[in-house]
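Model the following, please.
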Amino acid sequence: MTKKVRTYSDEFKAEAVKKIADNNGNISATAKQLGIAMQTLTNWHNKANKGKLIGTKEYDPELMAILEENKRLKRDLKVAQEERDILNEKG
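Numbers count the residues shown, from 1 in each chain. Alright, predicted model coming up:
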């Protein structure tokens, strides 16, 4: 039996996070009202607080660009290290 993965729009996520304030910060009550898992809403709330949730006033596109570049550079470094290790084994 497979579980269907629900996807939500960025607008829905942002509105859900805003609704938490309407419920005096009660994430559990907000999640129940919206019919989503409390952990899901908590994750969105945490992302919003870190400036990583699109559509929220805290969202920082520059931060996201830096984080994406950092991920790419880490991947590139890992590949270069693996290539170096392979060359060292042969030599």
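
What ranges does this protein have for its helices?
Applying DSSP state H to the chain gives helices spanning 10-22, 27-34, 38-49, 61-90.

Now do the third one against helix 10-22, angle only.
For helix 38-49 against helix 10-22, the angle by axes from the mean of the first three to the mean of the last three C-alpha atoms, to 10 degrees is 90 degrees.

buried residues in helix 38-49?
Of the residues in helix 38-49, 41, 44-45, 47-48 count as buried by neighbour count, 16 or more other C-beta atoms under 10 Å. Where C-beta positions appear, they are placed from N, C-alpha and C, glycine not excepted.

Can you list the buried residues in stretch 21-33?
27, 30-31.

residues in contact with it?
16, 19-20, 37-38, 40-42, 45 (C-beta atoms under 8 Å, 6 or more residues apart in numbering).

Let me see the domain layout of this protein.
Split into domains by automatic domain parsing, the chain comes to 8-59, 60-91.

In CSV, list these along with distance to residue 2.
Formatted as CSV, the domains of the chain follow (distance: least, C-beta to C-beta, whole Å):
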stretch, distance to residue 2
domain 8-59, 17
domain 60-91, 29
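
most neighbours per residue, which of those domains?
Per-stretch averages of neighbours, counted by mean count of other C-beta atoms under 10 Å, single out domain 8-59 among those, with a mean of 15.

ok so, going back, mean pLDDT for the helices of the chain - can I get that in JSON lines?
Output for the helices of the chain, formatted as JSON lines (pLDDT from 0 to 100):
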{"stretch": "helix 10-22", "mean pLDDT": "92"}
{"stretch": "helix 27-34", "mean pLDDT": "94"}
{"stretch": "helix 38-49", "mean pLDDT": "94"}
{"stretch": "helix 61-90", "mean pLDDT": "93"}
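
Out of the ones you listed, flag the one nearest residue 3.
helix 38-49 (13.6 Å; C-beta to C-beta).
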